[in-house]
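Q: I'll drop the sequence and a predicted model, then ask my questions.
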Number of protein chains: 4
Amino acid sequence: MPSEIDTIKAQLALQSIETPSWAYGNTGTRFKVFHGNGVARTPYEKIDDAAMVHRLTGVAPSIAIHIPWDQVDDYSKLATYAEENNIAIGAINPNVFQEDEYRLGSVCNPSEKVRQKAVNHILDCIDIAKETKSGHLSLWFADGSNYVGQDSIRSRQDRLAESLATVYSALPETMTLLLEYKFFEPAFYHTDVPDWGTSLVHCLALGPRAKVLVDTGHHAPGTNIEMIVAVLLRAERLGGFHFNSRYYADDDLMVGSADPFGLFRIMNEVVAGSALNGDVAFMLDQCHNIEPKVPAVIRSIMNVQEATAKALLVDRGALSEAQGRGDVLAAHEVLMDAFSHDVRPLLGEMREEMGLQKDPLRAYWSSDYQKRITAERATGQVAGWGA
Amino acid sequence: MPSEIDTIKAQLALQSIETPSWAYGNTGTRFKVFHGNGVARTPYEKIDDAAMVHRLTGVAPSIAIHIPWDQVDDYSKLATYAEENNIAIGAINPNVFQEDEYRLGSVCNPSEKVRQKAVNHILDCIDIAKETKSGHLSLWFADGSNYVGQDSIRSRQDRLAESLATVYSALPETMTLLLEYKFFEPAFYHTDVPDWGTSLVHCLALGPRAKVLVDTGHHAPGTNIEMIVAVLLRAERLGGFHFNSRYYADDDLMVGSADPFGLFRIMNEVVAGSALNGDVAFMLDQCHNIEPKVPAVIRSIMNVQEATAKALLVDRGALSEAQGRGDVLAAHEVLMDAFSHDVRPLLGEMREEMGLQKDPLRAYWSSDYQKRITAERATGQVAGWGA
Amino acid sequence: MPSEIDTIKAQLALQSIETPSWAYGNTGTRFKVFHGNGVARTPYEKIDDAAMVHRLTGVAPSIAIHIPWDQVDDYSKLATYAEENNIAIGAINPNVFQEDEYRLGSVCNPSEKVRQKAVNHILDCIDIAKETKSGHLSLWFADGSNYVGQDSIRSRQDRLAESLATVYSALPETMTLLLEYKFFEPAFYHTDVPDWGTSLVHCLALGPRAKVLVDTGHHAPGTNIEMIVAVLLRAERLGGFHFNSRYYADDDLMVGSADPFGLFRIMNEVVAGSALNGDVAFMLDQCHNIEPKVPAVIRSIMNVQEATAKALLVDRGALSEAQGRGDVLAAHEVLMDAFSHDVRPLLGEMREEMGLQKDPLRAYWSSDYQKRITAERATGQVAGWGA
Amino acid sequence: MPSEIDTIKAQLALQSIETPSWAYGNTGTRFKVFHGNGVARTPYEKIDDAAMVHRLTGVAPSIAIHIPWDQVDDYSKLATYAEENNIAIGAINPNVFQEDEYRLGSVCNPSEKVRQKAVNHILDCIDIAKETKSGHLSLWFADGSNYVGQDSIRSRQDRLAESLATVYSALPETMTLLLEYKFFEPAFYHTDVPDWGTSLVHCLALGPRAKVLVDTGHHAPGTNIEMIVAVLLRAERLGGFHFNSRYYADDDLMVGSADPFGLFRIMNEVVAGSALNGDVAFMLDQCHNIEPKVPAVIRSIMNVQEATAKALLVDRGALSEAQGRGDVLAAHEVLMDAFSHDVRPLLGEMREEMGLQKDPLRAYWSSDYQKRITAERATGQVAGWGA
């Protein structure tokens, strides 16, 4: 069925996966930040790396930034630089967890002064977003507590609601607020937005441009993430994804490396919900602690593409038919059949039709990019998480 | 502070913990149902047991029933019998998972006919509730799937919403619909109402008399249950609890036996949210697989009482003051201090003031109740789960 | 590299995957046992089903039995019947958990009399094994406790050691004792053999013919099973596998249905450890609660074959070379490349070379077997777990 | 039973809980290290803090050190300083994870040169131990991998065994090697010593002075830690504890703050195994990220004492009798009765008999210690993890 394959390739060519500026800097665990070669030192160099990734993959046309990690004097200049490199500035991620004042939280802090400081920073980020023409304000709060009784869970919800209301009221019509949830870490006893339900409760109170952000690494063990995707799509509140993978906690490994089948199941729900090339934002959120950054990002994008291609291969007619007659094995087999396919040739073809090389990773290594950045960035302070 | 203690005792005396009819019958794991002595054989004998529990504890004035496990010809007669024994019929629990037709689910089944059958059974249960003057329709669905692709997660949500709407529209003003969620089991791949968020989404669509039911054993490992309690109380959608305890899955052990500190944290959130003696229903949902049933229920009630007493002992002024100034250790200590108290003497006093014996368990064993039921119920078919 | 592919096909053709008699009977959860069509009623019919599976797959030459579920008067007659059907009786699984006396355990029970009864049953099973020429005594104990303090963990270890010593001393030279561990269920607080470490401690005390049995569903969430496989192979104490898959607990789903990547990682460790076609026993241990039994077993075997084929495709030279130079991405890619292959054509070829049809599942449905057993087994009591 | 209480108090007075030098420095998560007031700047100041803790509690007579975090020019001088402050240097903890060369591991690294470097550092630590008269070499390895295929699990086991053999052969007779295991982190895919079983396998290969170290935060969710304690005590291979508590991962919270009941169950197994005041080492291993360090350590010690006191209160005669007759509820109640006691008055008495103040935490705050260190340590570089 050649025409169907063409449709699939067309959808894959349209896919858009945002890469995060912080993936191009050094990251680590609480035990150690290892130092790689050729790591970006400035927001501009991160844009260089993101642009390289987009040149090779064709599906990574924007870069998310984190403020203040990517603080610059002139954001319109930064946006122009990105544009000249053929990419856009994507989601703006305000950082309200790396100052000593945030020891007990930011927008949920018992101190009104600290909450105000955090809200002000987010408002500043909205201004930055206007300058960079970003469509997403992506909010993740490290807020929570470590010990029972440390603070009132309920009061913190009220403070959160109040802070978010202020932020939302400043949001231009062109922007969407994404509220990320996280099961645990860095708060260990309770987290103020621990699950999609809490995020949704706040989004519903805010308005239609507030949506839930699903980070694939932010769930309890055993959580069925595609179920959450289905429920949020049905509620029209799925704002986007932070992709990564993990074995146990929020490991921030390359997406698809630990759970290729899980990633396929998520993309299958996205495709089934007609949400592939629409309003939902697909973003990576990863830490390349021990592997070289740029190729790790390329590999991650390829993994998302492979999962997407498999999801597009699902024979939805046969699936629906088998489901309808309650044939458990046949319905299951339709999905497994799609997953079993080796979609790399299909993706290679698609890339060639886009004027790219078949294998972006090989293309990267056969270019001199890594050699060049290793040399150019040998001195100076490389970018990092700032922890 | 004697007057404060009196207030605490008064609140404890008012507490109401519903016991479930199925706790008085035989239950087991998928591997084996062990047979105990003196196990109830009929709904009437279950009422006898529940009444005995209430006589000894003074805080268990109602019994939840499960239909068809507790099917009788004349429900008003059953309610009268309960009343004569000084207890009431509590929540009605429709069972839509134990017929072969429910192999692929009940209200979410791909077959409209099966869905209709399930909805009809629930509507029948509303009629029963009217006869027994029950205030709660308690819904738990075993619906879900075992294999990826087996059915459409999204379509099942639509079917669920439609089924629930029919049920809700038949609900008398005097009743509340409780929608229970469960992380997993008996469906293993996906569950149609797996978490409080999904339950809440449906309750919001239904109306104000639809509320979320929290079963303490139905969460992923590491889930902070008191956080859910706080969020649902804030949203005015906490309908009630199914109490039990567990180490790993839905073990249905005696509440407080595995996690006395967790139970205290939950009750602390209930007390902090002024929800102790109001609309929230406190119910046991347990399986006494290897221990004698009636004393196990008594012990469970005592465990809830101890956790509640500790929660009432929390010095809320000192707590709030320490939280306000961000004193982590002091705030934490206020809660730990309450938990460290041995509240058994306080509860013993309270019981004596209620005209009861100090220790209900000792009172049970010094009565001849167990001996009597062992003799009386030696023959015939004992009640069970019907699995 | 055709010759390499031939070697791979030769190894796949030699593979031996034992199917369990209980997979051909009815099973269920604690909530419900659903009734399927054409389910085996006797040990002889289970052998018929297992033989059919072997006829179609060519790699399932034995059937494990469970005593007393598969109790017959004459075991040599049963073995002969199997032989006539071209399969063998595999592991003997003594069942010491389904009598009321085992409420507090079997070989760890506080009562010496109960322990003796359990040991005697296992000794009887050794006699059965002699008659059926089985090579494996496969021991799983449901022993444990539900409540803290219920019994002495330490004393139960002593009783376990003593019971096992008696059993081991009766074991003929030709047999291996496999000691299975399980994280939880049906005991909820503690399990007497909860992990591979405890199993190994006892095996070391017994002697070289006592080995650890790894059931893929019996681990805590997040456990790296292939790590256990590697460590046990290194210690020469990996006795075999009980294959199945799961999302959360011991779901006993079709192996590879929930975790195809995990299964591949396990088989990769088996192949890397040169343990594919040697002493390690590969057995299914599954419950087909909602799907038809025989095709579910066939699909499971195919899943194991696909994972094995992918593991055999791993380019071990390239892997080792990349690992040696610390190239994280390249080494990882070698494994992912093998996993990404669609090995179904390779397996189809191999089957045709074995004189089988390419696709055993399609071959099953195009035969009249299911129709025939549905008709023949329409009446009478089907086999089940006996719970 | 006054004489029994005296015995209990005597055992409690003899208890010895080692505090870790790193608890007195700054620590944090990968997101942020918050800066506290009065944090120790040098190994000497850490000794000051540990000595203060011992002065107030009477049961913390030694301090564990971490090399190179506590590197000094003259270790015998350090030991003398400790001695003058009435405490001893406890376990020596070699750090082989914070140099760039350890990116792919230390003693399991694919590079022989790196392994040698790690082994040499550990051998140096044995020399330090000789100078400080330490009895324990405490080994924890951050070794593992993040991606499937990154390295050979099996080869790494061989390298580990070889490295440990070299270390063990250099160990003086007076020392015990403790091999700590950890479920995950900082390696995310596999950890080279992930569980007690792997640690035990290596200890058995080494010899009788190699024992397993149980860190209470290093287990999969749902793991029954007291079971591990019982099994290791029975095998005579429990070397000691790293105490802390957690809700989900290795949170390193104050021991007993998240799981007072779990801590009681562990101490109960210790007491039942007659291991309280013998060879087993009781050590804290915690990170006080948001709370003041010294009082957090004091509170942690008090929590261990309370759990121990409750374990000592268990009526072992009654317990054993109830267990023997299989009375589940009665046996369970014996343990719960001990746990329900408020043991703080008993511990207060004991402290007064030791010449201490009743409440060490109140004693701390009424001293001027915190004020003094806050002033004295206001300038300079405070000690930290060095990440």
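A: Nice, thanks for sending it over. Numbers count the residues shown, from 1 in each chain, chains lettered A, B, ... in the order given.
Q: Return the residues of chain A in contact with chain D.
A: When proximity is defined by CB under 8 Å from any CB of the partner chain, chain A lies next to chain D at A:27-35, A:97-98, A:100, A:102-104, A:142, A:146-148, A:183-186, A:188-189, A:221, A:246-249, A:251, A:253-254, A:257-258, A:289-291, A:385, A:387. Placement of C-beta: from N, CA and C, glycine included.
Q: Selecting buried members of those residues in ChimeraX, what would you type?
A: Of those, the buried ones can be selected in ChimeraX as follows, counting by 16 or more other CB atoms under 10 Å in any protein chain shown:
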select /A:27,28,29,30,31,32,33,34,97,98,102,103,104,142,146,147,148,183,184,185,186,188,189,221,246,247,248,249,251,253,254,257,258,289,290,291,385,387
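Q: and the residues of chain A next to chain D, which of them are in helices?
A: Per DSSP state H, helices hold no members of the residues of chain A next to chain D.
Q: Could you report the neighbour count for the residue of the stretch 251-387 of chain A found nearest chain B?
A: With CB to the nearest CB as the measure, residue A:335 is the residue of the stretch 251-387 of chain A nearest to chain B, at 3.4 Å. For residue A:335, the count of nearby residues is 24 (other CB atoms under 10 Å in any protein chain shown).
Q: so which strand or helix has it?
A: helix A:328-340 (DSSP states H and E).
Q: do that helix and chain C meet?
A: Yes - applying CB under 8 Å from any CB, one finds helix A:328-340 touching chain C at A:328-329, A:332-333, A:336, A:339-340.
Q: ok, back up a step: enumerate every residue touching the residue of the stretch 251-387 of chain A closest to chain B.
A: Contact analysis of residue A:335 by CB atoms under 8 Å, 6 or more residues apart in numbering or on different chains lists A:268, A:314, A:319, B:148-149.
Q: cool, and residue A:221?
A: With contact set as CB under 8 Å, 6+ apart, residue A:221 has these partners: A:248, B:220-222, C:221-222, D:221.
Q: now, the most widely separated pair of those residues?
A: With distances taken as CB to CB, the most widely separated pair in the contacts of residue A:221 is A:248 and B:220, at 13.0 Å.
Q: Averaged pLDDT, stretch A:248-267. What do you get?
A: Stretch A:248-267 carries an average pLDDT of 97.
Q: Same question for stretch A:284-294.
A: Per-residue scores along stretch A:284-294 average to 97.
Q: CA atoms of it as CSV?
A: Extracted C-alpha coordinates of stretch A:284-294, given in CSV (Å, rounded to 0.1, in the frame of the first residue of the first chain):
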residue,chain,number,x,y,z
LEU,A,284,13.0,16.5,25.0
ASP,A,285,14.0,17.0,28.7
GLN,A,286,17.2,15.0,29.2
CYS,A,287,20.5,15.0,30.9
HIS,A,288,23.5,13.5,29.1
ASN,A,289,25.7,12.8,32.1
ILE,A,290,28.2,10.4,30.7
GLU,A,291,27.6,10.5,26.9
PRO,A,292,28.5,13.2,24.4
LYS,A,293,25.6,15.7,24.2
VAL,A,294,24.9,16.4,20.6
